[in-house]
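A.B. asks: Predicted model and sequence follow; I will ask about them next.
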Amino acid sequence: MGAGNRSYAARRVIFFVPKIAIRIRAAICQTEFGFALPEFGHNVKRAVTAFMVDRTDPRPGEILLDPACGTGGFLTCSIRHMRERYVKKPEQEKQMQAGLRAIEKKQLPHMLCVTNMLLHSIEDASFVRHDNGLARPYISYGQSDRVDIVLTNPPFGGREEDGIESNFPKQFQTRETADLYLALIIRLLKPSGRAAVVLPDGTLFGEGVKTRLKEHLMEECNLHTIVRLPNSVFKPYASIGTNLLFFEKGKPTKTIWYWEHRVPEGQKAYSMTKPIRLEHLKDCVGWWGGAKRKGREEGPRHGKSRPTRSRRRLLEALIADALAPAATHEEAA
């Protein structure tokens, strides 16, 4: 049976088997409408996902990876983005589908992601691997594993089982999942490859391994933009400071721009009934400066920092500056 026939058969099974349909509806809630049931773990609000995809701008012919894909939110958003902007011919659709890569460790989200791909007319969803990318030795990832784009939200607060950290160089060894994924992402990007990653404050503030990872990130990549999100963006599933890191591999960081996103005026916080929406991020898109990030200006909620001799403390100082007004704003609201 060909890939197209398999996809068609799978869709028929999905719609006619009630138990599967229930699971699929839950997956659609997460990836299409921006909320998740507790059993599916971490989730990224759809507006945040769409913003990250839009700023990264994947195109057919590029290899795109989500190494912790969950039910496939970044994948479906990227597929939609490319179809709306770039896919005009059948060969471009084929190029787009051939460039998708994904890994998911947990069985249920993996199954839902595969199904989600079929529902989005992906002919062969076998590119979604049921695996733990952290379980493979870091040095075994070679040229054939390199990708053009990484879009991902590593699980916050996760800790890997004993032995996983030994797959990484000694200076990066830790059991914290998000930290290990950051090291892996830097490794997997091609020269000039670009990434957008959701990370908690802990990854940017911490000492020891976290400090070495930040130094490595800034030496290997141009960390050009950090978007600071309010603590309430991911409520009720998480209530921690969260940041969107945008970086490109190949040149060291020279200037880091940051943007502090605030809850809209008149609203105390984001919630299930009043979630963040894409239009809330339009001011950041306007400030961004296009693909080359030209014409950015400093202001009360956005600025820049230039690394000097002390890369070690740069991010801590940068985020501390951004955190103070953000925290004050939410408390006042």
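C.D. replies: Yep, it's here.
A.B. asks: Give me the buried stretch members for the longest strand seen in the chain, please.
C.D. replies: Counting residues, the longest strand found in the chain (DSSP state E) is strand 189-200. Burial within strand 189-200, assessed by neighbour count using 16 or more other CB atoms under 10 Å, is assigned to Leu189, Lys190, Gly193, Arg194, Ala195, Ala196, Val197, Val198, Leu199, Pro200. The way it works is simple: take the backbone N, C-alpha and C, and place the C-beta from them, glycine included.
A.B. asks: ok, of those residues, which one's closest to Ala98?
C.D. replies: Nearest to Ala98 among the buried residues of strand 189-200: Lys190, at 16.2 Å, using CB to CB.
A.B. asks: I figured the closest one hits Cys221, correct?
C.D. replies: No - applying CB atoms under 8 Å, one finds Lys190 not in contact with Cys221, separated by 11.7 Å.
A.B. asks: Show me whatever sits in contact with both of the two.
C.D. replies: Lys249 (CB atoms under 8 Å, 6 or more residues apart in numbering).
A.B. asks: Between all of the buried residues of strand 189-200, which two are separated the most?
C.D. replies: Maximum distance among the buried residues of strand 189-200 (CB to CB): 26.6 Å, for Lys190 and Pro200.
A.B. asks: And the strands in the chain?
C.D. replies: Taking DSSP E as the criterion, the chain carries its strands at 64-66, 100-104, 128-130, 147-152, 189-200, 221-229, 242-249, 256-260, 302-305.
A.B. asks: ranking the ones you listed by mean pLDDT, which is last?
C.D. replies: Among the strands of the chain, strand 302-305 has the lowest mean pLDDT, at a mean of 84.
A.B. asks: Send over that strand as PDB, restricted to the C-alpha atoms.
C.D. replies: The C-alpha trace of strand 302-305 is given here as PDB (Å, rounded to 0.1, in the frame of the first residue of the first chain):
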ATOM      1  CA  HIS A 302      12.700  46.700  24.400                       C
ATOM      2  CA  GLY A 303      16.400  47.300  24.200                       C
ATOM      3  CA  LYS A 304      19.700  45.700  23.500                       C
ATOM      4  CA  SER A 305      22.900  44.500  25.200                       C
END
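A.B. asks: residue contacts, the residue nearest the centre of the chain?
C.D. replies: With distances taken as CA atoms, centre = their mean, the residue of the chain nearest its centroid is Thr152 (2.5 Å). With contact taken as CB under 8 Å, 6+ apart, Thr152 is in contact with Leu65, Asp66, Pro67, Ala68, Cys69, Phe74, Tyr181, Ile185, Ala195, Val197, Val198.
A.B. asks: Residues in a beta bridge with the second one, which ones?
C.D. replies: To tie it back to what came earlier, the one meant is Asp66. For Asp66, the beta-bridge partners under DSSP bridges are Ala102.
A.B. asks: and it, how many neighbours?
C.D. replies: Neighbour count for Asp66, taken as other CB atoms under 10 Å: 24.
A.B. asks: so who does it touch?
C.D. replies: So Asp66 contacts Gly72, Phe74, Leu75, Arg101, Ala102, Ile103, Val150, Leu151, Thr152 (CB under 8 Å, 6+ apart).
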